[in-house]
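Asks: quick one: sequence and predicted model below, then my questions.
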Number of protein chains: 6
Amino acid sequence: MVKKDIRYTELAKYYDLTHYFRNYEQQAEFLNSAIKKYFPAAHRILDIACGTGNHAIFMAKKGYDVTGVDLSQKMLNIARQKIKNTDLQVGFTYGNMKDLKFSSEFDVVYCLGMSFMELRTYDEINSCLTSIKRAIKLKGLFIFDVSNGWEMLSVKTRKDFAEDAKTKVIWLSGGYIDKLKRTMHLDYTFIIQENNKTAIESGVEELRIFFPDELRMLLTNANFKIEVMLGDRDLETPFKENSPHIVMINRKIT
Amino acid sequence: MVKKDIRYTELAKYYDLTHYFRNYEQQAEFLNSAIKKYFPAAHRILDIACGTGNHAIFMAKKGYDVTGVDLSQKMLNIARQKIKNTDLQVGFTYGNMKDLKFSSEFDVVYCLGMSFMELRTYDEINSCLTSIKRAIKLKGLFIFDVSNGWEMLSVKTRKDFAEDAKTKVIWLSGGYIDKLKRTMHLDYTFIIQENNKTAIESGVEELRIFFPDELRMLLTNANFKIEVMLGDRDLETPFKENSPHIVMINRKIT
Amino acid sequence: MVKKDIRYTELAKYYDLTHYFRNYEQQAEFLNSAIKKYFPAAHRILDIACGTGNHAIFMAKKGYDVTGVDLSQKMLNIARQKIKNTDLQVGFTYGNMKDLKFSSEFDVVYCLGMSFMELRTYDEINSCLTSIKRAIKLKGLFIFDVSNGWEMLSVKTRKDFAEDAKTKVIWLSGGYIDKLKRTMHLDYTFIIQENNKTAIESGVEELRIFFPDELRMLLTNANFKIEVMLGDRDLETPFKENSPHIVMINRKIT
Amino acid sequence: MVKKDIRYTELAKYYDLTHYFRNYEQQAEFLNSAIKKYFPAAHRILDIACGTGNHAIFMAKKGYDVTGVDLSQKMLNIARQKIKNTDLQVGFTYGNMKDLKFSSEFDVVYCLGMSFMELRTYDEINSCLTSIKRAIKLKGLFIFDVSNGWEMLSVKTRKDFAEDAKTKVIWLSGGYIDKLKRTMHLDYTFIIQENNKTAIESGVEELRIFFPDELRMLLTNANFKIEVMLGDRDLETPFKENSPHIVMINRKIT
Amino acid sequence: MVKKDIRYTELAKYYDLTHYFRNYEQQAEFLNSAIKKYFPAAHRILDIACGTGNHAIFMAKKGYDVTGVDLSQKMLNIARQKIKNTDLQVGFTYGNMKDLKFSSEFDVVYCLGMSFMELRTYDEINSCLTSIKRAIKLKGLFIFDVSNGWEMLSVKTRKDFAEDAKTKVIWLSGGYIDKLKRTMHLDYTFIIQENNKTAIESGVEELRIFFPDELRMLLTNANFKIEVMLGDRDLETPFKENSPHIVMINRKIT
Amino acid sequence: MVKKDIRYTELAKYYDLTHYFRNYEQQAEFLNSAIKKYFPAAHRILDIACGTGNHAIFMAKKGYDVTGVDLSQKMLNIARQKIKNTDLQVGFTYGNMKDLKFSSEFDVVYCLGMSFMELRTYDEINSCLTSIKRAIKLKGLFIFDVSNGWEMLSVKTRKDFAEDAKTKVIWLSGGYIDKLKRTMHLDYTFIIQENNKTAIESGVEELRIFFPDELRMLLTNANFKIEVMLGDRDLETPFKENSPHIVMINRKIT
């Protein structure tokens, strides 16, 4: 019984509902502050693993010229739907962060919302950093976040619930750590009530466990200058050992 | 997404089914024994936070003249339905335990089934104790129970199941402790199969965490005389540190 | 609310789906290897607690003459359905492992898949060993497995998911240990989506907790010779203290 | 580095000091009550694994004719020292509980203080029960205690301290469970200050882990009638699953 | 075996050595900042439970006129020794914080270093708050710290080590919570090497477990105005639920 | 109070006693088997971080020409003492594994006994791998072991005891993980009885936490060919996720 990655299935349509707890607007505010502090002249920005477009649309509203890339056509379609009747300067296009087709085009590339953890081997990470660095103009920024690996070590069974006007969803998640690969396997089951019917869906995710000392080494080896390592999407919150996230602002210097 | 308190929603109709494990009859026996021991002449009694009337009806069957008050009209309606074709001496009426409209009317006031834990601040507790004391006749009793705070400190994810002739319910609960307020937030999701359809419901509860030394102080400060502190609804079970409950029998002495 | 043993209810029809993780073919390979090593001439074999017939059918395919017995008519019917249009040498019949109606008939009796843990008292175990020993020919084998009791001591709440072409099932399990009887009580709830409808089912299981030193004593007292104690269904895996299972190969010597 | 069993070394002289928390007098009261209830005519009693004689001397003070046996000459010497200038009816002699040289001589045999747990295999247990049964008169009692195996499963590192007029002792203990033998290995280190000097000592103990259902089987198989299973040395405390001890009162009936 | 409170024994002479990890200078800096912010005109200050005088001496060096009181003559003697050849404006005197002999004399009273936790009942706390309030001038401050009760709930066995030029100390601590009194009992054993000799000492401490919501109530009821609740001795660190300490700055307003 | 690294203090003389549980002979057998399998012609070998020479002496007894280097003169002196009156082909010399003064001299370099974990940063690791690679002849081997990082994540307080003819030692260890550096800080206290006197010593160690996927990357980046990753010093034990150690055999290929 092969389980399906939740990002590329019918579950995409519940993505926004089941990620209600992510404050996209506040994360976009953080991005904006970081850009204002570290590269105030920035205008063209690239959102990699843009999903249903939430960060990208907020950034476009702030006046940036935004391109969003993702591997899921289902998610890109939802993103495009959201901007259909707007005149926001934002485009959504299929693209793989390990092989971006851009060369010194963007002032800022960002990857928020934990997608960087989908890079599961050193080869994938290094390919991705090379591909991203190529896409950024000299002196431009690469901003991304991952979970703090130390906090991922205790995987807990969870249940969550969300609802909107027409849908109610319960989802149960569990998981285990693959210690040979240093990844976390999460599996989800969803019970979804919609249009008077209740259905079951299921999916999986496999995420790499990153430690802060190693991220410093990886970015440094890729010739980025690490401007700052934060513990959350907030310029005033330096990384500490029990921080929930590792958020890094890095500059292309060669 | 504001979550709803489960006591005041459509979930009221599943209240009795999902509380099947509460032995109301046995609790009423305990109340009766306590009254026979500490105030044998008692006749008029008040059940605060009476819910769907289970304790009150058992007490009425034992010959007491019972008044039940609650804040949920939905629960009061279910309670009234249960006594429609009986001649029991019991009435159910809307009322708030922090502001009871009675003055020296009752021989005994009781609050069983953990509702006292819905008093979440010292102000609420003190208002409630004042309001209850006013409702009791001099020498009358106030009997109530709460969970033992020491036992509440480990909140566990749980699943439960119950069924009757026409309904099956699975409910999942989880929670966390708010250490600033010293309350426990519980959230529930219900999967309910009824009349060939399956639906999802959700709700929350916020309960205060009480410790035994503090309850002694609070009742004493409110000028009650503490007759006994029990570890369960059983006169032979004194409170011990790992008791599941704190059950107090108190007398109005001034 | 009396809960039902899951083996004897409508849940039988989901048995194969929810036990998908059991590799019956591999277990049959183990049985075959064990027989080839310890009693190569064996031909007639008895599968006790055969369930839906998975082991028995694989063994018949290997050329053995197999009889399967079980207490659940629902499961036996599913087993019979599976062999309807085959010419395999296998029969399924109602039978109780504590009172088998056979006398020195089989070269090998086996009980794989944890059913031996349904024997919950020393009386039941001893009756069963006597009944099994009577069914085996002199020098014949009795092969069975149980969970390693040491590994059962931590009961965890679990969720699982399985699906086939027409059914999706989520099942949640929890449990507790009865320390007076030394058994584990497991309770299950199933959420089943089938033919466009979603339903809830529930059931229980009570299993004895066996320790390795005690099994040695019990088999020895029943006059079996213990050929080997394994830690899994694999002749190369001796039992160690953290093995998941205890698998014993025993010979009738008197 | 072979470690030494603490019962047979120089540590014997600290035995009473480091077991200060055992209330021997209260345990002797329990023994006396049990005898008065279950065999009031008893006079001659045998204390097996009598150690430094604490129980035996209390029983002699109550008027019983007491014999104490132990395997440690060092402990027996301390016991004899205690009664040197008394006229108590008590004698201390070398003896092994698995091979007692008595035949139908005693009204009561008891083994209090956990020594029964030094029987580490079914063979040793059965030899001991046979040897004890032979020593008891028909209708006589066998009273013993062990730790509740369920409570032994979590071995904790501990430190303890005791002092008397001339000695101070810190002792540290740790341990592990041998799951193949079902025994607990405890190791101790002692730091002892005496006569202005501080020294280090070390020792080990290996104890069997007993469960209540199994003890019932073992005593029944040895043809004892189990009069009662208690949870502590107190006739009013029935055994419950979280009781610290298992205390059994058994009668020789054949 | 009655155990001795470590504050009133020969162990006093090791107090400074075994509390090396307390940064008294930094705590005095905090006190000074707090006074500069909340009562800049303050000059006369009272240190209750001053111990060996560490805080008081630092405060005197900052120019305050300091009085220190303590219950342990042994500790007061060490404190006096420290100031013998100085001209600091500081005095050390015997005094009980529950019954201080001062009336509106001090601008600031403080109690740092966890001694407030030695108040183990509501009566003791209320006596102490009354006694302290009397000692303070109108508008003066009361500054104190306790451990955050939430962080005290997991008592861990610990070992520590400290040394100075002539002494080495290992100390082992363990403890348990008395849930009826809501106190933590800590017991300590010390192994002390000094002057070529090694000795053992032992002692105990019993501390109340305070929660933040309750401290707010207690100070408010005692008619203090709570200026701020901090999570450590640092004006920039507000109290959060996992803060190690509760540090309160309170003003006498009536 | 600066704590001292235990490897460079008076504690060196207790090194062999307190590491009695390391089976040096068996580890030397493993080394020999590994060399016989992967580089049978090897003769000149280098033991880095050789300590008191245990591995090196066993290897010399097997006929190899062995050089041992270490940073602790105290340990080297003990090693030299052991070979004083032998004619073994082994020399002990001061040397730092991050800056070895050898060039293509050795057939095999090994580092057994966890010293590789003293390399606490990527810079130290890379310097060391470069220095080691330079010391090895082309096609030669580098064999080393570290603890499995996954198993290091739970640091436990421990006590241990060892004795020989004239010394008894109790040692207590504890520790914590520095999550920013990814190292484990261990601190030890020793209570040592020798020549009728008892003394206290103390020391610390800081060890890097290595994960298997990262070691593969590091050795590969240093241009070693990884011949095999084992889970213990045994050629038949492949590395698994719960293996206690990571043992790597690597070949210089460029």
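Replies: On my side now, so go ahead.

Asks: can you give me the buried ones in the helix or strand hosting residue A:109?
Replies: Taking DSSP states H and E as the criterion, residue A:109 maps to strand A:106-111. Along strand A:106-111, the positions that meet the burial threshold by neighbour count (16 or more other C-beta atoms under 10 Å in any protein chain shown) are A:106-111. (Each C-beta comes from the backbone N, C-alpha and C, glycine too.)

Asks: redo those residues as TSV? Include pLDDT.
Replies: Converted to TSV, those look like this (pLDDT from 0 to 100):
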residue	pLDDT
A:106	98
A:107	98
A:108	98
A:109	98
A:110	98
A:111	97
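
Asks: would you say residue A:67 is within a strand?
Replies: Yes - with the criterion set as DSSP: H, G, I helix; E, B strand; the rest coil, the secondary structure at residue A:67 is a strand.

Asks: got a list of what it touches?
Replies: Residue A:67 is in contact with A:44-47, A:56, A:90-93, A:106, counting by C-beta atoms under 8 Å, 6 or more residues apart in numbering or on different chains.

Asks: and which of these is nearest residue D:17?
Replies: Of all those, the one with the least separation from residue D:17 (C-beta to C-beta) is residue A:47, at 72.7 Å.

Asks: what helix or strand is that closest one on?
Replies: Element membership of residue A:47 [criterion: DSSP H and E] is strand A:44-48.

Asks: and that strand, what does it pack against?
Replies: Here strand A:44-48 touches helix A:54-61, strand A:65-70, strand A:106-111, going by 3 or more C-beta pairs under 8 Å, 6 or more residues apart in numbering or on different chains; DSSP states H and E.

Asks: can we see that at 10 Å?
Replies: Under the contact criterion of 3 or more C-beta pairs under 10 Å, 6 or more residues apart in numbering or on different chains; DSSP states H and E, strand A:44-48 touches helix A:24-38, helix A:54-61, strand A:65-70, strand A:90-94, strand A:106-111, helix A:122-135, strand A:136-147.

Asks: what about residue A:142, how many residues close to it?
Replies: Residues lying near residue A:142 (other C-beta atoms under 10 Å in any protein chain shown) number 25.

Asks: and if you look at residue A:20?
Replies: Neighbours of residue A:20 (other C-beta under 10 Å): 13.

Asks: what does residue A:47 give?
Replies: Taking other C-beta under 10 Å as the neighbour definition, residue A:47 ends up with a count of 31.

Asks: also residue A:145?
Replies: Here the neighbour count serves as a burial measure; for residue A:145 (other C-beta under 10 Å) it reads 23.

Asks: give the contact list for it.
Replies: By C-beta atoms under 10 Å, 6 or more residues apart in numbering or on different chains, the residues touching residue A:145 are A:27, A:30, A:110-117, A:230, A:232-233, A:244-248.

Asks: what do you get for residue A:150?
Replies: Counting by C-beta under 10 Å, 6+ apart, the residues that residue A:150 touches are A:209-212, A:241-243, A:246, F:153, F:177, F:179-180, F:182.

Asks: nearest to chain C, of these?
Replies: Top of the list for closeness to chain C, among the contacts of residue A:150 and by C-beta to the nearest C-beta, is residue F:153 at 18.6 Å.

Asks: I'd say the closest one and residue F:184 touch.
Replies: Yes - A contact is recorded between residue F:153 and residue F:184 when judged using C-beta atoms under 10 Å, the distance being 9.0 Å.

Asks: so what sits against both of those two?
Replies: Here residue F:153 and residue F:184 share the contacting residues F:177, F:209, scored by C-beta under 10 Å, 6+ apart.
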